[in-house]
Structures are given as C-alpha cells and as structure tokens.
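The sequence and its predicted three-dimensional model are supplied below.
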Amino acid sequence: MMNNTMLHIQQSRQKRKRRYIAITSLLACIALLLCGTMLMLGNTIYPVRDVVRVLLGHDVDGANFAIGTIRLPRMLAGAFAGFAFGVGGYVFQTMLRNPLANPNVIGITAGSSAAAVFCIVVLQASNTVISIASVVGGLATVLIIYVLAKGASFSIGRLILIGIGIQAMLNAFISYLMLLANTHDIPTALRWLSGSLNGMKLESTYPLIIAVIIMTPLLLYFSKRLSMLELGEQAATSLGVDTNRTRIVLIVGAVIILALATATTGPIAFVAFLAGPIAQRLVGSDFSNVLPAGLIGIILVLAADLIGQFAFSVRYPVGVITGIIGAPYLIYLLIRINRKGDL
C-alpha cells in the first residue's frame, strides 16, 4: 500500500514537471516569435532571410539601418525590460505573499522613476548616471518602506499601504520636477514616464542586459527558498531557510533589474503586476515560476508594443497599452481582496 502511494506521488510530480517544462518551452517559443516579428515589421516588412543576414553581419541593401539601428535596440530593450519586470514582480508578490505587493503598487518603480526624472530634467545626466541613480532610488525606497512598515511587528498589509502612500508622494515629486523642467526636456521625460521603446539605442540597453544576465541565475538559485518563504516565516525557518539573508539577496537582485529596466524604458505599467499571476495560472505553484514570469513579461511588452505600433491609426507607447490591459485586473483584484478582508 505504501509503495503504491509513493509511486502515485512520484507519477503526479513527474506529470506536473512535464507540464512545467512544456508550458515554459511554449512561452519561450512565443517570446522568440515576437522578437522575430519585432525585427521584421515596420514601414518596410523584411523577410526572415534578410533579418538573419543582418544579424549575422552581412550587408543587405536598405535593411541594415532599419533592422540593426532601429528595430534591434527596440526589441532588446523590450525583451530584457519585460523579463526584468516579470521576474521582479513575481519575486515581490511571492516573497510578501500578496498579489498587490508588486513594484508598481508599493512604490519601488516610482522611486527609480523619481531618481531618473531628477537626473533627466535637473542634472541632464548621461544614461550611466541615470541607471545608477535609478538603482539607488529603488533600493532607498525599499529601505524606507520596510523601516516604516516594520513597527512593533512586521505586517504585509501595512507594508502595502505604506508603499501606496510613498508612491503617491514620489509621483507628486515627479510632477513638481516636471514643472521645473526646461521646455525641451519635458517631451523626453513624458515619453519616458509613459513607458516607451521609441528611440532606443543599442548602447543604452547594455546595463540592463548585463544586469539581467548576472542576476537571473542568482534569483533562479534562490527560487526554491523563495517558494519556502511563501509558506510563512516559521515554516521557512523550520525548513532550514535563512530568511533574512534570503530576503536581502532577493530584494537587492530584483530591485537592481527593476531599476535598470525602469531607467531604460521607463515604468512600463502593470507588467510586473500581471506576469506572476499569469505564470501561476498557466504553470501552477508546484515549481518556481521565476522563468515563466520573466517570459510572460517579454510576451506582454513585445505584444503590447506591436499593438501600439500597428493596431491603431496613431502610434501609442507600450506603457499605454499595458496600462489598458492591467487596470481592469487591478480593480478586480482590489474588489476581491476587499471582500476577503485580506488587506
């Protein structure tokens, strides 16, 4: 009887593992398809053959500039920013055990945005300085929210409410900076604040690409401990997890890629909010969803950018499209949580 039970458990786990691999592979294929579509579509549609030749360094009449200079940086920025927002949002939602505890809602991206806007409109700094300031602003915001939320005992609900308040303050600060800005800096800042892939340059994507390549293996390594944190503080500790060290590593790693994504493309709305829940709905909660959440982030950003470019008579920034998609879900989630009394 015991052997039959163990065999049934192993078979169920293998089945769930196969489902995880199959869905993750499918998401990766969709993400790659969208990347290719981003390189092919534009004022001129190029066949796959020409795209591949340009990427391999060959000269193709009329295609090198369009693909290599305009479309490739746009695609890379969208893909890596989408992955960063998806992973970062999933880490915070899982670690704090609340779908509202994502970087957009609790003010982390607002902290990075405020630092970046200050560098753009006041200091008129370089992209390197903007990237560094975004990381510092994001980490400082996390620290302030945590200190204010800790009190006598740590409360996730208190952290979310304080984060919402901090976000409102930072958005007010950003509005004040816009009033002080020179006229020629305002369009740049507004386009950046809406979350846009327009005018991307290849060199501006390097810090984000490097950060994602370095931080993703680290976050994947800690993903099992992240799943244990979802069980609660006492349960994770009893399973041998150093909760304080794990939280520090996860928070720093997630904030770094989130801040650099924000510095590169602006705060693309709701990607960090949607990617984790969608991944959990598709894959389940038996395995870590760090990688599926990142892939869904890529899909959301690239699909939204294609819709914004080609589905309407007027071209819209990617953040406008993701905002239209994500806002109804946020309202639904707030109504559901209010009925449960979880906040």
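It's in.

Tell me the secondary structure at the closest residue to Ala293 other than its chain neighbours.
Distances taken as C-beta to C-beta, 6 or more residues apart in numbering place Tyr90 nearest to Ala293, at 3.7 Å, with adjacent residues excluded. Using the backbone N, CA and C atoms, a C-beta is placed for each residue, glycine as well. Secondary structure for Tyr90, judged by DSSP: H, G, I helix; E, B strand; the rest coil, is helix.

measure Tyr90 to Glu230 for me?
Applying C-beta to C-beta, to the nearest Å, the value for Tyr90 to Glu230 is 11 Å.

same check, this time on Leu258
20 Å.

of those two, who's got more company?
Leu258 (32 against 14; other C-beta atoms under 10 Å).

State the helix or strand in which the most centrally placed residue in the chain lies.
In the chain, the centroid-proximal residue (C-alpha atoms, centre = their mean) is Phe85; its distance is 0.3 Å. Here Phe85 is covered by helix 72-95, with elements defined by DSSP states H and E.

any idea which helix or strand comes after that helix?
helix 108-118.

Show the secondary-structure elements that that following helix is packed against.
When contacts are defined as 3 or more C-beta pairs under 8 Å, 6 or more residues apart in numbering; DSSP states H and E, helix 108-118 packs onto helix 127-150, helix 156-180, helix 186-193, helix 243-265.

how does it look with 7 Å?
helix 127-150, helix 156-180, helix 243-265 (3 or more C-beta pairs under 7 Å, 6 or more residues apart in numbering; DSSP states H and E).

Averaged pLDDT, it. What do you get?
The pLDDT scores in helix 108-118 average 86.

what do you get for stretch 253-264?
pLDDT averaged over stretch 253-264 gives 89.

what residues does that stretch touch?
77, 81, 84-85, 87-88, 91-92, 103, 108-109, 112-113, 116, 130-131, 134-135, 137-139, 142, 204-205, 207-208, 211-212, 215, 218-219 (C-beta atoms under 7 Å, 6 or more residues apart in numbering).

redo that, cut-off 6 Å
With C-beta atoms under 6 Å, 6 or more residues apart in numbering as the test, stretch 253-264 has contacts from 77, 81, 84-85, 88, 91, 103, 109, 112-113, 116, 130-131, 134-135, 138-139, 142, 207-208, 211-212, 215, 218-219.

cool, and stretch 192-207?
73-74, 76-78, 127, 131, 260, 265-269, 305, 317-319.

Determine how far it lies from the middle of the whole chain.
15 Å (C-alpha atoms, centre = their mean, to the nearest Å).

okay, now Pro277: neighbour count?
Pro277 has 19 nearby residues by other C-beta under 10 Å.

quick one: it from Ser285, how far?
In terms of C-beta to C-beta, Pro277 sits 11 Å off from Ser285.

try Ile23
Computed as C-beta to C-beta, the Ile23 to Ser285 distance reads 13 Å.

Mind checking which of the two has more residues around it?
Ile23 (16 against 13).

Tell me who's in contact with the more buried one.
Contacts of Ile23 by C-beta under 6 Å, 6+ apart are Leu282, Val283.

where does the chain dip in pLDDT?
Within the chain, the segments meeting pLDDT under 70 span 1-9, 11-12, 151-155, 231-233, 337-343.

repeat that with 80
The model of the chain has pLDDT under 80 over residues 1-16, 61-62, 97-106, 124-127, 149-159, 181-192, 226-244, 284-287, 330, 332-343.

number of nearby residues for Ser126?
Look at Ser126: counted by other C-beta under 10 Å, it has 10 neighbours.

What are the phi and psi values at it?
When read as degrees, to the nearest 10, the backbone of Ser126 gives phi -80, psi 170.

same question, Phe312
Residue torsions, per degrees, to the nearest 10, at Phe312 are phi -130, psi 170.

Use 457 as the first number from now on
Yes, from this point I'll number from 457; that puts the last item at Phe768.

And the host helix or strand of Ile787, what does it pack against?
Here Ile787 is covered by helix 774-796, with elements defined by DSSP H and E. Applying 3 or more C-beta pairs under 6 Å, 6 or more residues apart in numbering; DSSP states H and E, one finds that helix 774-796 contacts helix 727-739, helix 746-766.

try it again with 10 Å
helix 528-551, helix 642-649, helix 727-739, helix 746-766 (3 or more C-beta pairs under 10 Å, 6 or more residues apart in numbering; DSSP states H and E).

mind exporting the first one as CSV, just the C-alpha atoms?
Pointing back at helix 528-551 there. Taking Å, rounded to 0.1, in the frame of the first residue of the first chain, the C-alpha atoms of helix 528-551 are listed here in CSV:
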residue,chain,number,x,y,z
LEU,A,528,17.1,45.6,-32.8
PRO,A,529,17.7,48.0,-29.9
ARG,A,530,13.9,48.4,-29.6
MET,A,531,13.4,44.6,-29.5
LEU,A,532,16.3,44.1,-27.0
ALA,A,533,15.1,46.8,-24.7
GLY,A,534,11.5,45.5,-24.7
ALA,A,535,12.6,41.8,-24.2
PHE,A,536,15.0,42.4,-21.4
ALA,A,537,12.8,45.0,-19.7
GLY,A,538,9.8,42.7,-19.9
PHE,A,539,11.8,39.9,-18.4
ALA,A,540,13.1,42.1,-15.6
PHE,A,541,9.6,43.5,-14.8
GLY,A,542,8.1,40.0,-14.9
VAL,A,543,10.8,38.4,-12.6
GLY,A,544,10.9,41.4,-10.2
GLY,A,545,7.1,41.5,-9.8
TYR,A,546,6.9,37.7,-9.2
VAL,A,547,9.7,37.9,-6.6
PHE,A,548,8.0,40.6,-4.6
GLN,A,549,4.5,39.1,-4.9
THR,A,550,5.7,35.6,-3.8
MET,A,551,8.0,36.8,-1.0
